[in-house]
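Asker: need coordinates for the following:
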Amino acid sequence: MIKEVCKFIENKTSLILGTTLFVNQYTQNAPDRCTIAMNTTGGDVNYYKPEYSKTVFSFITRSDSWNTANDDADTIRDLFKSNCDYDLPIVDAGLEYHVASSHPVGETVYIGEDEKNRHQFSVNIMFDIIEK
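Answerer: Numbering: from 1, shown residues only. Model (predicted):
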């Protein structure tokens, strides 16, 4: 489901999946300005409705510029802020997902510089997702 969330981001922002937006890890030739999406939790399973899950994805943005990395994280935060009742795009003829709601868990946080002195920010988004 993280790939579907990333495809949604690609459709709504200037980020490009596999070029400036990555799932779970950066590629070796990732640009200085890019974003990584990570599934940080297994999600909260509802045993009465197994098709329903509550999960948190972390998004780490990085850039040579502090402001740019912060703005990129804020763009992702704002995209999912109080957003509800939408479908995620289907990826690789996979499963269909409907987002009942999504919202940031806390604010965008500066997490420091990486080994190449690029500034990094993190934002966590909670999703209530229903598998269709």
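
Asker: tell me who's in contact with the closest residue to Asn24 other than its chain neighbours.
Answerer: Ranked by CB to CB, 6 or more residues apart in numbering and with sequence neighbours excluded, the top spatial neighbour of Asn24 is Met38, at 5.6 Å. For every residue, glycine as well, the C-beta is placed using N, CA and C. Residues near Met38 by CB atoms under 8 Å, 6 or more residues apart in numbering: 2, 24, 57-60.

Asker: quick one: the strands in this structure?
Answerer: Counting by DSSP state E, the chain has strands at residues 21-23, 34-39, 44-45, 52-63, 83-87, 97-104, 109-113, 119-131.

Asker: nearest to Lys12, of those?
Answerer: Closest approach to Lys12 among the strands of the chain is made by strand 83-87 (10.1 Å; CB to CB).

Asker: so how far is the closest one from its chain's centroid?
Answerer: Strand 83-87 sits 15 Å away from the centroid of its parent chain (CA atoms, centre = their mean, to the nearest Å).

Asker: and what of stretch 71-81?
Answerer: On CA atoms, centre = their mean, the centre of stretch 71-81 falls 9 Å from that of its chain.

Asker: could you do stretch 19-34 as well?
Answerer: 13 Å.

Asker: contacts for that stretch next, please.
Answerer: 2-3, 6, 9-10, 14-15, 17-18, 35-39, 61-65, 68-69, 72, 116, 118.
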